[in-house]
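# please find the sequence and the predicted model below.
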Amino acid sequence: MVSLTAEEKRLQEARDRQMHWKRWGPYLSDRQWGTVREDYSATGSAWDYFPHEQARSRAYRWGEDGIAGICDHHQRLCFAIALWNGEDSILKERLFGLTGNEGNHGEDVKEYYFYLDNTPTHSYMKCLYKYPHRTFPYSQLIEENRRRSRREIEYELLDTGIFNEDRYFDIFVEYAKNYTDDILIQISVINRGQEAKTLHLLPTLWFRNTWTWNGKQDKPSLKEVKEEISDVSTVEAFHSTLGKRWLYCQKATEILFTENETNHEKLFGVSNTSRYVKDGINDYIVHEQKAAVNPNQIGTKAAAHYILNVGAGETKIVQLRLTNELFLTPFGDEFNNIFATRQREADEFYQRITPFSLPEDMRTVQRQAFAGMFWSKQYYQFTIDEWINGDPAEPSPPNERKHGRNNEWIHLNNEDILSMPDKWEYPYYCAWDLAFHAIPLAMIDPDFAKEQLILLTREWYMHPNGQIPAYEWAFSDVNPPVHAWAAWRVYKIEQKMYGRADKHFLERVFQKLLLNFTWWVNRKDVEGKNVFQGGFLGLDNIGVFDRSKELPTGGHIDQSDGTSWMGMYCLNMLAIALELAQSNSNYEDIATKFFEHFLYIADAMNHIGDEGTELWDEKDGFYYDVLHLPNNHNLTLKVRSLVGLIPLFAVETLEPDILAALPNFKTRLEWFINNRPKLRQNVACMETRGVGARRLLAIVNRDKLRCILQKMLDETEFLSEYGIRSVSKYHAEYPYIFYANNSEYRVDYEPAESNSGLFGGNSNWRGPIWFPVNYLIIESLQKFYHYLGDDFKVECPTGSGKYINLWEVACELSQRLIKIFINNEAGNRPVFGGMQKFQTDPHWHDLILFNEYFHGDNGAGIGASHQTGWTGLIAKLIQQVGEYSGENQPGEMKKNQVQSVAM
């Protein structure tokens, strides 16, 4: 038996509740201001109610933010860095960016920071922040982006010239745990410029403000402790539930104290309850207001002040230690040895995860993708009842809130560590994003992946009617139902990589998803014909109309994607039920239910009736949405988009050994095959020749599959050099135009940012490449290959004369997605696009950004710059490349190998 690595042992101790290795982690948000949680306005204008300029002076109600920070899992005590270059008008305490109202393409962080390493227990973490020497161009970024139209690119921090002549600091922040509550901190400051520069470094410790809001919470305290330790300053922290902690600070110039309380006088012109307020340290450092900090060295916010004179190319290192133990010598050889050990153990852990032969460049991308997954964990608290009705010690919120945003989610009471899409641009959970996060997370921390999926089905998240909350801007919006898929994939990944088949987890999720499935059937099938609507379904502006709103034509849209997602949902639930039925025969009945329901949905998708409203267009060989008008007239919306590819996702194979082990289910299946020929004829072949053969369940049959793939693999349509586009390039020359009420509605091919404000305009599904749907396409092709084998080949690319099997097509798509991040022949990374600093500077070139989506033609990263969440799927694709390359070439793979990937 292979011995566990040190990190795996820590994970085992955490799983067995022997040691709380995850009590402390990178759980601070990158942005708390401008969120729905902090919005107490009457109109729901979150961006305007709590802007960035108020963040340094105003206490947050629901969470905290900071740069490269950590906190405990209930976010009682927080630690992060603050900086001042002697030029800025404010301390750099948090990451700056544009609100949705300021950016020409929606909200947009305007900083450069990178997540370089992290382990599942956060025993070792490393990140980098790049801080300019000169005055940070806050106003310039706002004004220039506000001036630009949606048809112009975003104005970035590099565009201001602030990093010219390398006039900036690289600030590396590293953490290493000695044990669960003994955290070593090392901050390395490197001056990349050509002349000496002074940096004020302020590692900051503070308590989240929980005492102001109801007047009942005990107020915690920080105070300086005079120790007889040479060159060490000590801050003692006390919290009634956390106990005592000490922050040891190596060679600090001074320790500054204030309170984490709102500066009411500055913001609102009323008296402060405390003389010392949240922005006291800012005013002391930047404005030299000596009275702004507490001379008695006590408070709820404290910072060690280091004045570092850093020569050109020089590195200065500051060490700190946050611990629940008193030390006589907190620094020295032991400190350095612990860091070296944790770094080595991190390398050993990731080598165990990916033991295959991989190019070093790919391994770098995968390691930083994993790091981003863990750095994107965040403490998230939101209690709708308290948010709507207000706090006892605070003014009552406006009455409009009781009938405004999320008022129907009064049961929602969240306080957990959750995986965020992006802790700055999306510092809140999103239901379908999180399902994709679970895939790479399952490779490195299956316990956390499972916890995430279970949480969203718990009664303090899931609505009593069975709906899973979408995201905090509108919990009632509808995301694609991919939760069952994620649960099944996490189960199979853990089984394959770790040899654990956690049926208890699978059953817990399955039982709650029965409620969610019923909600979908009852709420999103308008006519009860197994054709579903669903709204925008996470694809924002994919259609000619905003599908989340009332249509300008009236009526409703029967959605190809909505119906296909439900077909996929049925098959996912069927797969889970069959797995559970092998140890509990009661699940055979529910498996039969999902088998039959899938047949009805597949029939509805493919039914050729007298009304001419089928979603499959025989002439074009493609699936489209159908618009049902109030006058009973129906129109096919011929937009070639992912909407027509999503039917590929509804595919599953039934293995002979499983059918043999479940006689009741097999009997019912055979009855349907023999007695419901009309249903069977509109479903992909369910049976191969021979006794006890493998069965296929799919919406798309062989002929339709060929038609769809002909377009999908056409480089003049969907196939980009870097993956599958969300809208066909066909619409660049032939836009889809629809007229209603004297207005023009259209879909053009837009390979980069959105040119319209449809659905907020901050993301674009009209041409760019998105990882989640590309990943599902790849997985679906693997499943089809599992059934169709080597003999079924398609032309790839279309028109090339090269015919390959579907496994090889899946590999080709994987390689194209990986190409986004790795160096090409010219030594450039496509993800960086035209950002020459990233392409040519060795201090930038290997710092990978995992964007929200990617340019449909050149692969450049677009949208949120740190949405490692679902773009973290790149780590799984790299894993598969390593595992099935070399001697296991795609065309020679054994069937069970393919199944282990596809399943």
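Looks like it arrived, so ask away.
# backbone phi and psi for the residue of the chain positioned farthest from its centre, please?
Distance from the C-alpha centroid of the chain peaks at residue 228, with 46.6 Å (Cα atoms, centre = their mean). Main-chain torsions, residue 228, degrees, to the nearest 10: phi -90, psi 50.
# pLDDT value on it, please?
Looking at residue 228, its pLDDT stands at 74.
# for it, give its distance to residue 333.
20 Å (Cβ to Cβ, to the nearest Å). Any C-beta I mention is one placed from the backbone N, CA and C, and that applies to glycine too.
# ok so, going back, the residue farthest from the centre of the chain and residue 328, how far apart?
For residue 228, the distance to residue 328 - Cβ to Cβ - is 9 Å.
# same thing with residue 444?
Separation of residue 444 from residue 328 (Cβ to Cβ) stands at 37 Å.
# of these two, give the one with the bigger neighbour count.
Using other Cβ atoms under 10 Å as the criterion, residue 444 and residue 328 rank with residue 444 on top: 23 against 8.
# for the host helix or strand of residue 257, the distance to its chain's centre please.
Counting by DSSP states H and E, the element that carries residue 257 is strand 254-258. Taking the mean of its C-alpha atoms, strand 254-258 sits 36 Å from the chain's own mean (Cα atoms, centre = their mean, to the nearest Å).
# please renumber the chain so that the first residue is 2 from this point on.
Sure, I'll start numbering at 2, so the last one becomes strand 255-259.
# quick one: mean pLDDT over the helix or strand following it.
Reading on from strand 255-259 to the C-terminus, the next helix or strand found by DSSP H and E is helix 265-269. Average pLDDT, helix 265-269: 96.
# now swap in stretch 545-556 and tell me
If you average the pLDDT values across stretch 545-556, you get 88.
# per-residue pLDDT, residue 901?
So residue 901 comes in at 45 (pLDDT).
# ignore the last one, residue 2
If you check residue 2, the pLDDT there is 53.
# again, but for residue 896
43.
# neighbours of residue 224, how many?
17.
# could you measure from it over to residue 813?
Distance from residue 224 to residue 813, by Cβ to Cβ: 62 Å.
# over to residue 387?
With distances taken as Cβ to Cβ, residue 387 is found 52 Å from residue 813.
# what sits against the closest residue to residue 852 other than its chain neighbours?
Nearest residue to residue 852, sequence neighbours excluded (Cβ to Cβ, 6 or more residues apart in numbering): residue 862, at 3.2 Å. Residue 862 makes contact with 821, 832, 833, 834, 850, 851, 852, 855, 856, according to Cβ atoms under 8 Å, 6 or more residues apart in numbering.
# residue 718 now?
By Cβ under 8 Å, 6+ apart, the neighbours of residue 718 are 641, 712, 726, 729, 730, 731, 799.
# looking at these, state which has the most neighbours.
Going by other Cβ under 10 Å, residue 726 tops these with 29 neighbours.
# residues touching the residue lying closest to that one once chain neighbours are set aside, list them.
The shortest distance from residue 726 to any non-neighbouring residue, by Cβ to Cβ, 6+ apart, is to residue 857 (4.4 Å). Neighbouring residues of residue 857 by Cβ under 8 Å, 6+ apart: 721, 723, 726, 727, 730, 750, 752, 753, 768, 769, 770.
# farthest pair within the residues you listed?
723 and 750 (15.2 Å; Cβ to Cβ).
# who has more neighbours out of these two?
Between residue 723 and residue 750, counted using other Cβ under 10 Å, residue 723 has the larger neighbour count: 25 against 22.
# that one touches residue 834, doesn't it?
No - in this structure residue 723 lies outside contact range of residue 834 using Cβ atoms under 8 Å: 11.5 Å.
# what about the helices in the stretch 552-701 of the chain?
For the stretch 552-701 of the chain, the helices defined by DSSP state H, counting those that start in this stretch occupy 561-582, 588-607, 657-662, 664-676, 678-681.
# pick the most buried one from those.
The highest mean neighbour count among those, using mean count of other Cβ atoms under 10 Å, belongs to helix 561-582: a mean of 26.
# by contact count, what packs against it?
Applying 3 or more Cβ pairs under 8 Å, 6 or more residues apart in numbering; DSSP states H and E, one finds that helix 561-582 contacts helix 484-499, helix 504-524, helix 588-607, strand 652-655.
# nearest to residue 676, of those?
With Cβ to Cβ as the criterion, residue 676 lies closest to helix 588-607 of those, at 11.7 Å.
# quick one: mean pLDDT over the closest one.
91.
# which ones are touching the closest residue to residue 114 other than its chain neighbours?
Excluding its sequence neighbours, the residue lying closest to residue 114 (Cβ to Cβ, 6+ apart) is residue 130, at 4.7 Å. Counting by Cβ under 8 Å, 6+ apart, residue 130 makes contact with 68, 69, 82, 84, 112, 113, 114, 172, 174.
# mind running it again at 10 Å?
Contact analysis of residue 130 by Cβ atoms under 10 Å, 6 or more residues apart in numbering lists 68-69, 82, 84, 93, 96, 112-115, 169-174.
# hmm, back to that, for the strand holding residue 258, buried residues please.
Neighbour-count burial for strand 255-259 flags 256, 257, 258, 259 (criterion: 16 or more other Cβ atoms under 10 Å).
# could you do stretch 823-835 as well?
In stretch 823-835, counting by 16+ other Cβ under 10 Å, buried: 823, 829, 830, 831, 832, 833, 834.
# so can I have a markdown table of the residues you listed showing secondary structure and pLDDT?
What follows is these, written out as a markdown table (DSSP: H, G, I helix; E, B strand; the rest coil; pLDDT from 0 to 100):
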| residue | secondary structure | pLDDT |
| --- | --- | --- |
| 823 | coil | 98 |
| 829 | coil | 98 |
| 830 | coil | 98 |
| 831 | helix | 98 |
| 832 | helix | 98 |
| 833 | helix | 98 |
| 834 | coil | 97 |
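# quick one: residue 519 and residue 466 touch, right?
Yes - Residue 519 lies in contact with residue 466 (Cβ atoms under 10 Å); the separation is 9.0 Å.
# flag the shaky bits of the stretch 452-601 of the chain, pLDDT-wise.
Of all residues in the stretch 452-601 of the chain, none has pLDDT under 70.
# so the residue nearest to residue 726 sits in a strand?
No - counting by DSSP: H, G, I helix; E, B strand; the rest coil, residue 857 is located in no strand; its state is coil.
# show the pLDDT at it.
We have a pLDDT of 98 for residue 857.
# any idea how far it is from residue 870?
21 Å.
# could you do residue 469 as well?
17 Å.
# neighbour count: these two, which is higher?
Comparing residue 469 with residue 870 by other Cβ under 10 Å, the one with more neighbours is residue 870, at 30 against 24.
# for that one, give me its contacts.
373-374, 377, 420-424, 427, 430-431, 434-435, 437-439, 441-442, 772-773, 851, 853.
# among those residues, which lie within helices?
Secondary structure from DSSP state H places 373, 374, 434, 435, 437, 438, 439, 441, 442, 772, 773 of those in helices.
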